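Asker: have a look at this fold, sequence not included:
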């Protein structure tokens, strides 16, 4: 039930772009994205509901392909502050449980 | 300002002891969640509640219990602590089923 994230880790230089993928084996109703910095709690980025919508938040945006049961997080012109571990969280149609992926470690270097 | 707090922030206990971790939120959220975070596993759901007197098991609920007697609190109890329960525990709350989750600062639990 746990979604699979890829890549597991990525290193970027400031200004480069990155894509983080989240894939589920079950039909999804919603996908959440969170960022966690070392030693801190996860912080909400955005939520996408069924309907294939795409959302944006400054230079971070996400898409949700309901048919493919996938979501992607797009980080554009990365900044040092983007470093952290990114988690997708998914709610499947059957049952009420919420499942987080294992995370993608993103490091932005000068 | 509304917030979500956890206590204690750090706890060391011995195998076999009962431990209770507290979670308190002041947003008046209906939904509350407990997760554990371990290297390589990300965040895994232990128990969750969608309202007072409602509790549900998550994917890793064995050895844990919760009760919800009011809106603000969802304490997590380890009935008989085991070394495998050494982890960082996060509590979270959300307004509704499909809204963002707000996380507490976490409790680092070590079972010796």
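Answerer: Looks like it arrived, so ask away. Only a predicted model underlies this, so the values are computations on that prediction, with no experimental measurement involved. Numbers count the residues shown, from 1 in each chain, chains lettered A, B, ... in the order given.
Asker: let me see the ranges of the strands in the chain.
Answerer: Unless you meant another one, I'm taking chain A. Along chain A, counting by DSSP state E, strands occupy A:4-6, A:9-13, A:18-23, A:28-36, A:43-49, A:54-57, A:60-65, A:70-75, A:84-92, A:98-100, A:104-109.
Asker: that was the other one, I meant chain B.
Answerer: Under DSSP E, chain B gives strands at B:4-7, B:10-13, B:19-25, B:31-38, B:42-51, B:54-57, B:64-66, B:76-78, B:87-94, B:102-103, B:107-111.
Asker: just put these in JSON lines and tack on distance to chain A and mean pLDDT.
Answerer: (C-beta placed from N, C-alpha, C; glycine too.) Shown next, in JSON lines, are the strands of chain B (distance: least, CB to the nearest CB, whole Å; pLDDT from 0 to 100):
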{"stretch": "strand B:4-7", "distance to chain A": "9", "mean pLDDT": "96"}
{"stretch": "strand B:10-13", "distance to chain A": "12", "mean pLDDT": "97"}
{"stretch": "strand B:19-25", "distance to chain A": "12", "mean pLDDT": "98"}
{"stretch": "strand B:31-38", "distance to chain A": "7", "mean pLDDT": "96"}
{"stretch": "strand B:42-51", "distance to chain A": "4", "mean pLDDT": "93"}
{"stretch": "strand B:54-57", "distance to chain A": "7", "mean pLDDT": "94"}
{"stretch": "strand B:64-66", "distance to chain A": "15", "mean pLDDT": "97"}
{"stretch": "strand B:76-78", "distance to chain A": "16", "mean pLDDT": "98"}
{"stretch": "strand B:87-94", "distance to chain A": "6", "mean pLDDT": "96"}
{"stretch": "strand B:102-103", "distance to chain A": "4", "mean pLDDT": "96"}
{"stretch": "strand B:107-111", "distance to chain A": "10", "mean pLDDT": "97"}
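Asker: sorry, back to before: least reliable of the strands of chain A going by mean pLDDT?
Answerer: Comparing mean pLDDT across the strands of chain A, the lowest value falls on strand A:54-57: a mean of 64.
Asker: got a list of what residue A:68 touches?
Answerer: Going by CB atoms under 8 Å, 6 or more residues apart in numbering or on different chains, residue A:68 touches residue A:23.
Asker: 7 Å instead, please
Answerer: Applying CB atoms under 7 Å, 6 or more residues apart in numbering or on different chains to residue A:68 gives no contacts.
Asker: now residue B:81
Answerer: B:13, B:15, B:16, B:17, B:19, B:111.
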